[in-house]
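**Student:** Task: produce atomic coordinates for the following.
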Amino acid sequence: MKTRCSWAGPDPIYLDYHDTDWGVPEYDSRALWEKLILDGFQAGLSWITILKKRENFRVAFEGFDPNVIAEWGEAEVTRLLQNPGIIRHRGKIEATIGNARAWQVVEQREGFDRFLWNYVDGKPLQPNRKTMADVPAETELSKQISNDLKKAGFKFCGPTIVYAFMQAVGMVNDHIVDCHCHAGLTSATGHPRLRP
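**Tutor:** Residues are numbered from 1 along each chain as shown. All right, here's what the predicted structure looks like:
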């Protein structure tokens, strides 16, 4: 039987997410933005709630294309507030539109992927946590990234959300050392455009 991080399970969708998605380095700007948005929607809720609605979110938010969402206004907010397949929270929906506009600026300036991965020199951090009790809710780095995202115009990106995001996109390998996923992620080569 495979050893996993204790948060994974028992729902099969959670197990699959843990085994194939969580902690795997993501270097695509749009996909990084999508994950940040979904982590923002998770605020105050369980991640399994978001996972079960993720495909509904992707349909409702046009495949999470920030260039499309940046053009949205009140009509789209009203439409989304009537969609039972997603989290119907006006503040989070409006923040998503604003975050799409903020993403466009960062993407044009340097690339959203580079903006994020530069914080870890392009390679996942490897803290080698022995137990889930060793995994923090936030770090000094997540506080710094959170502050910089807010300065860039992003919302729903506090340090706890940012740290969960960093874990999800593989900026930090927080699979515990005994987890069957841990070892495979210790040799991640890093962002292809940021390697020395």
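**Student:** Show the contacting residues for the residue nearest to residue 6 when sequence neighbours are not counted.
**Tutor:** Nearest residue to residue 6 in three dimensions, chain neighbours excluded: residue 132, at 5.1 Å (C-beta to C-beta, 6 or more residues apart in numbering). Any C-beta I mention is one placed from the backbone N, CA and C, and that applies to glycine too. Neighbouring residues of residue 132 by C-beta atoms under 8 Å, 6 or more residues apart in numbering: 5-7, 176.
**Student:** These: which two are farthest apart?
**Tutor:** The most widely separated members of those are 7 and 176, with 10.0 Å between them, by C-beta to C-beta.
**Student:** Neighbour count: the two, which is higher?
**Tutor:** residue 176 (20 against 12; other C-beta atoms under 10 Å).
**Student:** didn't that one look like it was pressed against residue 5?
**Tutor:** Yes. Contact criterion C-beta atoms under 8 Å: residue 176 and residue 5 qualify, at 5.5 Å.
**Student:** Need the per-residue pLDDT for the residue nearest to residue 6.
**Tutor:** For residue 132, the pLDDT comes out at 93.
**Student:** From residue 111, how far out is it?
**Tutor:** Residue 132 is 33 Å from residue 111, where distance means C-beta to C-beta, to the nearest Å.
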